[in-house]
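Engineer: dropping the sequence and predicted coords here.
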Protein chains: 2
Amino acid sequence: MKYELYYWPEIQGRGEYVRLALEEAGADYVDVARGSRGSAAMMKMMEVHKGTPPFAPPFLKAGKLVIGQTANILLYLGARHGLAPKTEAGKLWVHQLQLTVTDLVVEIHDTHHPLGPSLYYEDQKLPAKKRTAEFWDERVPKYLGYFEQLFTENGGAYITGRRLTYVDLSLFQIVDGLRYAFPKRMKAFEKKIPGLVGLRDRVAARPNIKAYLASDRRIPFNEQGIFRQYRELDD
Amino acid sequence: MKYELYYWPEIQGRGEYVRLALEEAGADYVDVARGSRGSAAMMKMMEVHKGTPPFAPPFLKAGKLVIGQTANILLYLGARHGLAPKTEAGKLWVHQLQLTVTDLVVEIHDTHHPLGPSLYYEDQKLPAKKRTAEFWDERVPKYLGYFEQLFTENGGAYITGRRLTYVDLSLFQIVDGLRYAFPKRMKAFEKKIPGLVGLRDRVAARPNIKAYLASDRRIPFNEQGIFRQYRELDD
């Protein structure tokens, strides 16, 4: 079965967490909106009709299933491609961690869009500065401190222990994204999270991920995505 | 097995979505922090140690399992108490909808906390006004319009059709919460969502929910929770 991934073709965004899982798994998939059918094919799938229309991209077509919400897609893929434990307890734990990553992603987005997703960044620069300061003072230490401590306590190569799960792929993206968006702030912060930095390197070195990152399937970071490099927010 | 729910004892908050599911199911549970052990028992469970410490409340102790993240808890409870379909496709669909409710809940919270969760509302009143205006202009019509259309297309009594799922309980809470927080705005908006208003009434009339809402286990809405009534945001 060839998966169809539907996501905005110009950005990594939330679709990237799914792309990383599909790439690590070596799954057969097409990134639909990046092909000749473009975003129009994606918009068509989102029309509400009898069935299970997604609220927003990303969503994955897997045979007859259409699965929306990033963490939900990973829950599905994790079970099928060995990217999550097989036990119910393990599945729930990894999903719980992914939902915590999801919360963090919203807060990262809100650093540049504190007044809401429908206004331009240029119309909310001052609130963005305040929210970003708060984010780095309070939220980054809380989130990344949590993951760092989990990593240390588990004593493994990955966040839940010896084996890679889809959460590790997402944490790679978080570290890389924060490095892109906030190079100065992240450089200063990284000494507090040596475990996560090591995990990031371990993920980047995995053969399938390494090949993906070097390919043109990996869209470069840019200022339309979640992680945006605005110099005035990095001081 | 008696479940232990851990959540802040003074507010409905995110714990309410779990409380509603436990109550509808007639499950045997204790709301730990509201008892004599108080919030201290909850904080102790959150200490990072070998195991699966939650990042934040709510979390549910179910035998040896400790499950965090509201939607993850509902995924677990839904399968055990007939609050979700039995098929994989049905389970994923209901979970997807719950994750969309989760996104909406964050945006509701951010109407009064656009500059981040660690600052006081009093220190972000002006941005809160702007975010709230944006929320009602763009986001409420998008989210509730989506759920309304799903409801209409499915032609049932509940959001996925004939049978109640945990998402219906959450949608009840969304409608009731928006009524509390924004009485004027919501009154004007409700004529656009007759299906969801009917669904809300249908949930409220279910015997277990009716008994719960009339009991002191239901904490009243207040200005420490997600849904806050600030007159200046309701104009």
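Structural biologist: Cool, the structure landed. Numbering: from 1, shown residues only, chains lettered A, B, ... in the order given.

Engineer: contacts for the helix or strand where residue A:185 lies next, please.
Structural biologist: Residue A:185 belongs to helix A:183-189 when assigned by DSSP states H and E. The contact list for helix A:183-189 (CB atoms under 8 Å, 6 or more residues apart in numbering or on different chains) reads A:136, A:140, A:144, A:178, A:179, A:229, A:234, A:235. Every C-beta, even on glycine, is put in place using the N, C-alpha and C of the backbone.

Engineer: in those, find the pair that's most separated.
Structural biologist: A:144 and A:235 (20.0 Å; CB to CB).

Engineer: the more surrounded of these two?
Structural biologist: The residue with more neighbours, out of residue A:144 and residue A:235, is residue A:144; 22 against 10, by other CB atoms under 10 Å in any protein chain shown.

Engineer: max-length helix in chain A?
Structural biologist: helix A:88-112 (DSSP state H).

Engineer: buried ones in it?
Structural biologist: A:90-112 (16 or more other CB atoms under 10 Å in any protein chain shown).

Engineer: show me what that helix is packed up against.
Structural biologist: helix A:70-80, helix A:125-134, helix A:140-154, helix A:166-181, strand B:65-68, helix B:70-80, helix B:88-112 (3 or more CB pairs under 8 Å, 6 or more residues apart in numbering or on different chains; DSSP states H and E).

Engineer: quick check, the helix or strand bottoming out on mean pLDDT in chain A touching chain B?
Structural biologist: Here the helix or strand of chain A ranked lowest by mean pLDDT, DSSP states H and E is helix A:38-45, holding a mean of 87. No - between helix A:38-45 and chain B, judged by CB under 8 Å from any CB of the partner chain, nothing touches; the nearest distance is 13.8 Å.

Engineer: for that helix, buried residues please.
Structural biologist: A:39, A:42, A:45.

Engineer: if we look at the helix or strand just after that helix, which residues are touching it?
Structural biologist: Toward the C-terminus, helix A:38-45 is succeeded by strand A:59-62 as the next helix or strand (DSSP H and E). Strand A:59-62 is contacted from outside by A:1, A:3-7, A:18, A:45, A:66-69, A:73, A:76-77, using CB under 8 Å, 6+ apart.

Engineer: and strand A:59-62, which strands flank it?
Structural biologist: According to DSSP bridges, strand A:59-62 forms sheet pairs with strand A:3-6 (antiparallel), strand A:65-68 (antiparallel).

Engineer: any chance of those in TSV, plus mean pLDDT?
Structural biologist: Conversion of these to TSV gives the following (pLDDT from 0 to 100):
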stretch	mean pLDDT
strand A:3-6	97
strand A:65-68	95
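
Engineer: looking at these, which is buried most?
Structural biologist: Of all the strands paired with strand A:59-62, strand A:3-6 has the most neighbours on average by mean count of other CB atoms under 10 Å in any protein chain shown, namely a mean of 23.

Engineer: where does pLDDT dip in chain A?
Structural biologist: Residues of chain A meeting the criterion pLDDT under 70: A:48-50.

Engineer: let's see it at 50
Structural biologist: Applying pLDDT under 50 to chain A flags no residue at all.

Engineer: re the thing from before, out of the contacts of helix A:183-189, which are buried?
Structural biologist: A:136, A:140, A:144, A:178, A:179.

Engineer: that older thread, how about TSV for the strands paired with strand A:59-62, with distance to residue A:170 added?
Structural biologist: Putting the strands paired with strand A:59-62 into TSV (distance: least, CB to CB, whole Å) gives the following:
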stretch	distance to residue A:170
strand A:3-6	16
strand A:65-68	17
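
Engineer: so for residue A:197, which of these sits nearest?
Structural biologist: Once these are compared by CB to CB, strand A:3-6 is nearest, at 28.6 Å.

Engineer: quick one: the closest one to chain centroid distance?
Structural biologist: Relative to the centre of its chain, strand A:3-6 is centred 16 Å away, using CA atoms, centre = their mean, to the nearest Å.

Engineer: what's the first helix or strand after it?
Structural biologist: Counting by DSSP H and E, what follows strand A:3-6 is helix A:15-25.

Engineer: who touches that next one?
Structural biologist: A:3, A:5, A:7-8, A:12, A:27, A:29, A:31, A:57-58, A:60, A:70, A:73-74, A:77-78, A:81-83, A:101, A:164, A:166, A:169-170, A:172-173, A:206, A:208-209, A:211-212, A:217-219.

Engineer: for the closest residue to residue A:71 other than its chain neighbours, what are its contacts?
Structural biologist: Sequence neighbours aside, residue A:98 is the residue nearest to residue A:71 in space, at 4.7 Å (criterion: CB to CB, 6 or more residues apart in numbering or on different chains). By CB under 8 Å, 6+ apart, residue A:98 lies in contact with A:71, A:74, A:75, A:166, A:167, A:170.

Engineer: farthest pair within those?
Structural biologist: Top of the distance list for the contacts of residue A:98 (CB to CB): A:75 and A:170, 12.5 Å.
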